[in-house]
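Chemist: Next input, structure requested:
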Amino acid sequence: MSTTTSATRRPWLLGLATLILLVLALIGIALFGGASLPDRAGPPVEEVGVERVVLEPGTIELNLRNTGPDPVAVAQIFVNDAYVDFTGPTEPIGRLDSAHLVLDYPWQNGQPYKISMLTSTGLVIEHDIAAAVETPKTGAAFFGLMALLGTYVGIIPVVLGMLFLPVLRSVGTTTVRFLLGFTIGLLAFLAWEGTREGFELADTSGGPFGGASLVVLGAALAFLTLTAVDQWLRGRRHAAAAEGTTGGTRLALMIAIGIGLHNLGEGLAIGSAYAIGELALGTFLVIGFTIQNTTEGLAIVAPLTRHRPSLVALLGLGLIAGAPAILGAVIGASANNPEFSALLLGIGVGAIIQVIVQIIPSIREPGTTTISARTFAGIAVGLVTMWATGLLVAA
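Modeler: Numbering: from 1, shown residues only. This next block holds a predicted model:
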């Protein structure tokens with residue numbers, strides 16, 4: 001017994017010793033390796049990203065982050081080529097450190113502005129404000145409006161789409177596979193949309209934490225996490241009375257989670273647009289989102305055509321898919337950070353890709369690995385539907 005225990009512990013002890021040796025080597029390189037290298041030639045590398053702009057009457061507030069390797073000291077600031085007074089840190093901004101600057105400038109509502117920051121070395125770093133709008137203040141009314149917007153564009157459309165479940169129960173299995181193909185087309189469009197928006201957001205940041213790679217990181221983490229969740233759900237099938245019921249419910253849950261994470265990103269876009277005054281708060285916007293997101297509710301109930309889920313279960317699926325839009329709207333309007341938003345959009349993309357992987361076995365013809373032309377047509381109809389309904393949404 002002791003011999004077996006010793007043999008089991010030996011690889012762990014060897015691995016621990018190797019890890020300790022690696023850590024000590026890295027510490028030694030960090031402490032003494034730099035001293036053996038020559039001094040770097042050339043001017044300092046200065047890079048600054050503007051993470052957030054807050055506009056209040058008479059002032060412009062900037063949250064900066066040093067995204068380069070060298071400290072940066074902001075010496076002067078110009079707005080539309082006019083010198084302005086500002087308050088901020090007296091010490092240079094270190095690598096990856098942030099700084100808060102307050103510019104004394106009487107900006108005008110709706111006007112564009114170019115902010116030029118002159119560093120102590122003479123480098124000019126610019127940031128554009130497309131249209132100046134006072135930043136909304138958080139409070140009960142603010143959070144109430146974000147909750148209302150999230151409910152309009154998230155929960156209500158999804159629940160309305162789920163009302164088609166009784167109609168879907170009256171169709172045949174071929175039509176069900178067509179609808180599952182439609183679901184794949186819908187989700188594929190959402191994945192592309194989320195990827196595009198994530199990369200666009202990442203491009204607006206300074207990239208100190210990875211920029212566009214955050215979208216990929218978020219997608220990978222979400223895909224792996226949901227795969228683990230799916231395996232856990234599969235392991236609980238033996239507790240159900242029927243295998244088919246468990247599989248359909250599990251697939252509907254995975255679709256709801258994937259759509260919910262996408263709606264989180266959709267809420268981010270809405271909240272961010274509201275924060276900078278670019279959101280058209282009108283009936284047309286609400287109707288456009290409702291029409292587009294109703295198809296998401298239809299996708300959730302497509303795997304449930306042969307089952308009888310309770311009303312509470314259906315409501316839960318609707319909340320899982322739609323409620324994240326509320327959270328996204330609050331985050332997007334109150335903490336508008338492009339890199340955080342890019343990470344969340346990437347998480348939504350990864351979740352959707354994992355759901356597509358889950359649906360593919362259900363669209364194959366019974367007893368084969370082939371997919372019928374009708375199912376492929378469903379995928380195409382899903383893509384075209386999302387593109388067409390997306391034209392109705394102009395945030």
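Chemist: From Pro92, how far out is Gln358?
Modeler: 51 Å (C-beta to C-beta, to the nearest Å). C-beta here means a position set from N, CA and C on the backbone, and glycine is covered the same way.
Chemist: next one: Ile270
Modeler: 38 Å.
Chemist: Give me the more crowded residue out of those two.
Modeler: Neighbours per residue (other C-beta atoms under 10 Å) separate Ile270 from Pro92, with Ile270 holding more: 27 against 17.
Chemist: for the residue lying closest to the more buried one once chain neighbours are set aside, what are its contacts?
Modeler: Nearest non-adjacent residue to Ile270, counting by C-beta to C-beta, 6 or more residues apart in numbering: Ala329, 5.1 Å away. Neighbouring residues of Ala329 by C-beta atoms under 8 Å, 6 or more residues apart in numbering: 146-147, 149-150, 267-268, 270-271, 274.
Chemist: Quick one: residues contacting the residue nearest to Ile125 when sequence neighbours are not counted.
Modeler: Nearest non-adjacent residue to Ile125, counting by C-beta to C-beta, 6+ apart: Met117, 4.6 Å away. Taking C-beta under 8 Å, 6+ apart, we find Met117 in contact with 48, 74, 76-77, 124-127.
Chemist: among those, which ones are buried?
Modeler: Among the contacts of Met117, those scoring as buried are 48, 74, 77, 125, 127 (criterion: 16 or more other C-beta atoms under 10 Å).
Chemist: what's the next secondary structure element after the helix or strand harbouring the last one?
Modeler: Assigned by DSSP states H and E, His127 belongs to strand 124-129. For strand 124-129, the succeeding helix or strand toward the C-terminus, using DSSP H and E, is helix 140-150.
Chemist: Show me the contact partners of the next helix or strand after that next one.
Modeler: Going down the chain from helix 140-150, the next helix or strand is helix 156-162, by DSSP H and E. When contacts are defined by C-beta under 8 Å, 6+ apart, helix 156-162 is touched by residues 259, 263, 289-301, 314-315, 317-318, 321-322.
Chemist: Which positions in stretch 77-92 come out as buried?
Modeler: Within stretch 77-92, the residues scored as buried using 16+ other C-beta under 10 Å are 77-79, 84, 86, 88, 92.
Chemist: Of those residues, which is the nearest to Arg177?
Modeler: The shortest gap between Arg177 and any of the buried residues of stretch 77-92 belongs to Val79, at 59.4 Å (C-beta to C-beta).
Chemist: Report the central residue of the protein.
Modeler: With distances taken as C-alpha atoms, centre = their mean, Leu345 lies nearest the centre of the chain, 1.7 Å away.
Chemist: Can you give me the buried ones in the helix or strand containing it?
Modeler: Using DSSP H and E, Leu345 sits in helix 338-359. Under the neighbour-count criterion of 16+ other C-beta under 10 Å, helix 338-359 has 338-356, 358-359 buried.
Chemist: which helix is the longest one in the protein?
Modeler: helix 243-275 (DSSP state H).
Chemist: what's it packed up against?
Modeler: Using 3 or more C-beta pairs under 8 Å, 6 or more residues apart in numbering; DSSP states H and E, the elements in contact with helix 243-275 are helix 140-150, helix 173-203, helix 213-235, helix 283-301, helix 311-322, helix 324-334, helix 338-359.
Chemist: which one of those helices has the lowest average pLDDT?
Modeler: Within the helices and strands packed on helix 243-275, confidence is poorest for helix 283-301, with a mean of 72 (mean pLDDT).
Chemist: picking that back up, name the residues that touch the strand holding His127?
Modeler: Contact with strand 124-129 is made by 46-48, 50, 53, 55, 60, 62, 112-119, as judged by C-beta under 8 Å, 6+ apart.
Chemist: Any chance of a ChimeraX selection covering the buried ones in these?
Modeler: Only the buried members of the contacts of strand 124-129 enter the following ChimeraX selection, criterion being 16+ other C-beta under 10 Å:
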select :46,47,48,50,53,55,60,62,113,115,116,117,119
